[in-house]
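Visitor: my questions are about this predicted structure, shown below with the sequence.
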Number of protein chains: 2
Amino acid sequence: MTEAPGFVAQLYAAAARNNSLVCVGLDPEPGKIPAHILALPQPIFEFNRRIVEATAEYACCYKPQFAHYAALGAEDQLLATIRFIREKHPGLPVILDSKRGDIGSTAAKYAQESFERYGADAVTVNPYLGSDSIEPYLQWPGRGVIILCRTSNPGARDFQDLESGGKRLYRHVAERVAQKWNASGNCMLVVGATYPEELAEIRAVVGDLPFLVPGVGAQGGDVAAAVRAGRTADGFGMVLNSSRGIIYAGGGAGFADAARAATRALRDEINQYR
Amino acid sequence: MTEAPGFVAQLYAAAARNNSLVCVGLDPEPGKIPAHILALPQPIFEFNRRIVEATAEYACCYKPQFAHYAALGAEDQLLATIRFIREKHPGLPVILDSKRGDIGSTAAKYAQESFERYGADAVTVNPYLGSDSIEPYLQWPGRGVIILCRTSNPGARDFQDLESGGKRLYRHVAERVAQKWNASGNCMLVVGATYPEELAEIRAVVGDLPFLVPGVGAQGGDVAAAVRAGRTADGFGMVLNSSRGIIYAGGGAGFADAARAATRALRDEINQYR
């Protein structure tokens, strides 16, 4: 029996096919959804569906951010969104961005939530609780496990930069992932575009381990600096997420067209520097 | 206008009233719920309701663990459980154990989820992303914010023990909470019962900041050692959580009675050492 390709292979196949390293973040906020969509029975799903249809040609993956659904009790629309992508665009992986982190027995429940209930191809996780908090996700064959390393926010400095044995905490995390947790080859690291020096430092010690890079667009990260710092020699090695910069690129009746144009523009900007 | 008492005041009032430092963890697993409850339309809620009714006299708070609901798509039963406790036992605070951790704009959504959607009195959060990831929770007046510090699992050693500037990571977290984040007095720290030396070390540097202590019962933590290490001079300063040791203390028709006896026994054991 031939196994299905794993998450990272799927992701790179999509990136090659669409010549794109753009991850489209699906962070729906009712206050920003156009009125004609808000009037529909499942407005969040309907918004997402139109964004996906408009951007699928220029993206390599999608990343729904869990809090935006959880705050509203919209788990059903999150599920509908992921199902829609898997059915209509099976080549484009879905990353559930829920940043889970708990002890082993509980992590097993979160893995079940991510991969079975929602059917996500990958999930983001927090490394603070260590190995047994990550292990249950790694036991799902072919699914992606994307570990927070150096995040894109200002508070990232508070603890992630603490130096121990000549290395900052984020580097300890990066090395642990590269040397231990990535045995099956389906791990990635979250490294913010807002910190290109750290991107380069981490790239230097983790080989070709791919990065999920948030922080371009609304958070102000520089695309050129991030791509130059984080890419691998073959021009892959990272996907760059934009959420607000794409899904709210335009309002009203033209929101999906604006999202499409923004995705294409970000794709082309990234490709200049690969 | 007099403000309602904050989370920590509520918690200590409950602890004093019931002479108890027991937090009952509500981690329902269908495979362990008695058959006569599983046959009901909302089996998880019905199980929890009976556990709460049986244990309310001997507990000081309840802690539903989010993954156990999320894995099953049982958010409605989580909500029903929290509502039930708030209506029938308004003096017993509810801690939503979801260990959230995300950048500021997203953390605001998680705070909305925790405090508005679910109506929890407190939520557990992960410190890895630093100050801006905690700030949105602190802005909810009177609600509790319970920060992971030294967790109870084996993997806690991997990163939480890294030493920087003569202090381990968990101590940097503890000091940050005590000195900055706890300005409104409604923070707590998660410190595992499985590591009593660390409990004592942290107690020595954070004054009377209260601890949520998991790890007794199924995880093997020693009650006497944990209480002696973590209590404050007045015999408070901590609540000890037991989940599996209480809610699955017995099966079949007598499960609630067994949970009641286990809660009382844990309460009495803790009180020996306060």
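Guide: The structure has been received and is ready for your questions. Nothing here was measured: the structure is a model prediction, and the numbers come from that model.
Visitor: ranges for the strands of chain A?
Guide: Counting by DSSP state E, chain A has strands at residues A:22-26, A:61-64, A:95-100, A:122-125, A:144-150, A:163-164, A:167-168, A:187-191, A:211-213, A:238-242.
Visitor: in JSON lines: the ones you listed, plus mean neighbour count.
Guide: (Glycine included, C-beta is placed from N, CA and C.) Listed next are the strands of chain A as JSON lines, based on neighbours: other C-beta atoms under 10 Å in any protein chain shown:
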{"stretch": "strand A:22-26", "mean neighbour count": "27"}
{"stretch": "strand A:61-64", "mean neighbour count": "27"}
{"stretch": "strand A:95-100", "mean neighbour count": "28"}
{"stretch": "strand A:122-125", "mean neighbour count": "28"}
{"stretch": "strand A:144-150", "mean neighbour count": "27"}
{"stretch": "strand A:163-164", "mean neighbour count": "16"}
{"stretch": "strand A:167-168", "mean neighbour count": "18"}
{"stretch": "strand A:187-191", "mean neighbour count": "27"}
{"stretch": "strand A:211-213", "mean neighbour count": "29"}
{"stretch": "strand A:238-242", "mean neighbour count": "28"}
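Visitor: can I get those strands in a markdown table including mean pLDDT?
Guide: Output for these, formatted as a markdown table (pLDDT from 0 to 100):
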| stretch | mean pLDDT |
| --- | --- |
| strand A:22-26 | 98 |
| strand A:61-64 | 98 |
| strand A:95-100 | 98 |
| strand A:122-125 | 98 |
| strand A:144-150 | 98 |
| strand A:163-164 | 98 |
| strand A:167-168 | 98 |
| strand A:187-191 | 98 |
| strand A:211-213 | 98 |
| strand A:238-242 | 97 |
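Visitor: okay, the ones you listed in a markdown table with distance to chain B next?
Guide: Formatted as a markdown table, these follow (distance: least, C-beta to the nearest C-beta, whole Å):
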| stretch | distance to chain B |
| --- | --- |
| strand A:22-26 | 10 |
| strand A:61-64 | 12 |
| strand A:95-100 | 5 |
| strand A:122-125 | 9 |
| strand A:144-150 | 6 |
| strand A:163-164 | 4 |
| strand A:167-168 | 9 |
| strand A:187-191 | 10 |
| strand A:211-213 | 14 |
| strand A:238-242 | 12 |
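Visitor: any idea which of those strands gets closest to residue B:43?
Guide: strand A:95-100 (24.6 Å; C-beta to C-beta).
Visitor: residues from the stretch 151-274 of chain A in reach of chain B?
Guide: A:151-160, A:162-165, A:169, A:172-173, A:176, A:219 (C-beta under 8 Å from any C-beta of the partner chain).
Visitor: got a PyMOL select line for the buried ones in these?
Guide: Burial among those is assessed by 16 or more other C-beta atoms under 10 Å in any protein chain shown; the matching PyMOL selection reads:
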select buried, chain A and resi 151+152+153+154+155+156+158+159+160+162+164+169+172+173+176+219
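Visitor: could you dump the strands of chain A to CSV with distance to residue A:266?
Guide: Below are those laid out as CSV (distance: least, C-beta to C-beta, whole Å):
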stretch, distance to residue A:266
strand A:22-26, 5
strand A:61-64, 13
strand A:95-100, 17
strand A:122-125, 20
strand A:144-150, 20
strand A:163-164, 34
strand A:167-168, 29
strand A:187-191, 18
strand A:211-213, 12
strand A:238-242, 6
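Visitor: select, out of those, the one closest to residue B:67.
Guide: Using C-beta to C-beta, the strands of chain A put strand A:95-100 closest to residue B:67, at 7.6 Å.
Visitor: for residue A:221, give its distance to residue A:213.
Guide: From residue A:221 across to residue A:213, the span is 8 Å (C-beta to C-beta, to the nearest Å).
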